[in-house]
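In: Predicted model, plus sequence, below.
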Amino acid sequence: MAAPSGGAPSGRTGRPPLTEERRAEIRLEIARAAVRLFVTQGVTATTGEQIGQAVGVSARTVWRYFPNKESCVRPLFSVGITVVAACLRQWHPGQPLEALFERELASEESLLTGPDRAATAALVRLTRTEPALRAVWLQTYDEAEPAFARALAERAGLPADDLRPAIQAAMFNAALRAAVEHHAWRATADGSTGPAEVQGELTAALRSALAVVREGLG
């Protein structure tokens, strides 16, 4: 059927679709809001409506990005995976593992240690008592391992499914998780530790973990 004479042209109307970058920003905003609410009032007492309200979106929007409230925190857990994999690809023979990550560890804006380091530490502490959050935390590391294995295989010129980089990735992944958890378990939860001190402690823990695992990955 022809469009009415003088009518508006047919086609999609309304706001243009969000870019992938903007979607990632919204996911991170939701994650930060969820953490703040989880820490201040507990996971059980927090609702999707409250998380959305803290970000300025509807609960429906929250559920469009995440299947449940616990999974809202995933972006804070997984934000550094791409950075770590890229670093591993650039690892030169004979280069100390700690030196490989030195720039990332030293930067205040690093995806590994800032600017959400305090929120992440608080979140990791919650995984001790919140099984659903613990599941998200462990699943994130489980999903990171193949990315690290691919990077290590590429670095060594080995097939992506070779066993050696898979084992190396498992060792490296476990070291990172142990370091972050060690830092989180020991960090003060009352806010008395300043941001610079928090970053210094996390950086030291990561450096120690990388040094310990270096020989197995050399």
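Out: Sure thing, it's come through.
In: Would you mind listing the outside residues contacting the host helix or strand of residue 77?
Out: Here residue 77, judged by DSSP states H and E, is contained in helix 74-78. If you take Cβ atoms under 8 Å, 6 or more residues apart in numbering as the criterion, helix 74-78 is touched by 24, 27-28, 30-32, 35, 66, 116, 119-120, 123, 136-137, 140, 143-144. C-beta coordinates here come from the backbone N, C-alpha and C atoms, glycine included.
In: Buried among those? Make that a ChimeraX selection.
Out: Buried members of these, defined by 16 or more other Cβ atoms under 10 Å, are picked up in ChimeraX with:
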select :27,30,31,32,35,66,116,119,120,123,136,137,140,144
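In: list the buried ones in the longest helix anywhere in the chain?
Out: Using DSSP state H to define each element, the chain has its longest helix at helix 131-156. Neighbour counts over helix 131-156 (16+ other Cβ under 10 Å) mark 133, 136-137, 140-141, 144-145, 147-153, 155 as buried.
In: Equivalent analysis for stretch 120-131, please.
Out: Residues of stretch 120-131 classed as buried: 120-127, 130 (neighbour count, 16+ other Cβ under 10 Å).
In: OK, contacts around residue 213?
Out: 97, 171-172, 175.
In: Where does it fall, secondary structure wise?
Out: helix 195-217.
In: Dead centre of this structure: give me the residue that sits there.
Out: residue 78 (2.2 Å; Cα atoms, centre = their mean).
In: re earlier: from the contacts of residue 213, which two are the most distant?
Out: Greatest spacing in these, by Cβ to Cβ: 97 and 171 (10.9 Å).
In: Break the chain down into its domains, please.
Out: Domain segmentation of the chain under automatic domain parsing yields 20-72, 79-217.
In: Show the residue spans covered by the helices in this structure.
Out: Ranges of helices within the chain are 20-41, 48-55, 59-65, 74-78, 81-89, 97-100, 102-106, 117-126, 131-156, 163-186, 195-217, based on DSSP H.
In: For residue 90, give me the backbone phi and psi.
Out: phi -100, psi 10 (degrees, to the nearest 10).
In: and it, how many residues sit next to it?
Out: Look at residue 90: counted by other Cβ atoms under 10 Å, it has 10 neighbours.
In: Can you give the contact residues for stretch 32-46?
Out: 50-51, 54-55, 69-70, 72-73, 76, 116, 119-120, 122-123, 126, 130, 132-133.
In: mind running it again at 6 Å?
Out: 50-51, 54-55, 72-73, 119, 122-123, 130 (Cβ atoms under 6 Å, 6 or more residues apart in numbering).
In: Next, the buried residues of it.
Out: In stretch 32-46, counting by 16+ other Cβ under 10 Å, buried: 32-35, 37-39, 43, 46.
In: Adding pLDDT and distance to residue 102, write those out as CSV.
Out: Formatted as CSV, those follow (pLDDT from 0 to 100; distance: Cβ to Cβ, whole Å):
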residue, pLDDT, distance to residue 102
32, 91, 27
33, 94, 33
34, 95, 32
35, 92, 28
37, 95, 35
38, 94, 33
39, 90, 31
43, 94, 36
46, 96, 38
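In: quick one: the residue nearest to the centre of the chain from residue 147, how far?
Out: Per Cβ to Cβ, to the nearest Å, residue 78 is found 10 Å from residue 147.
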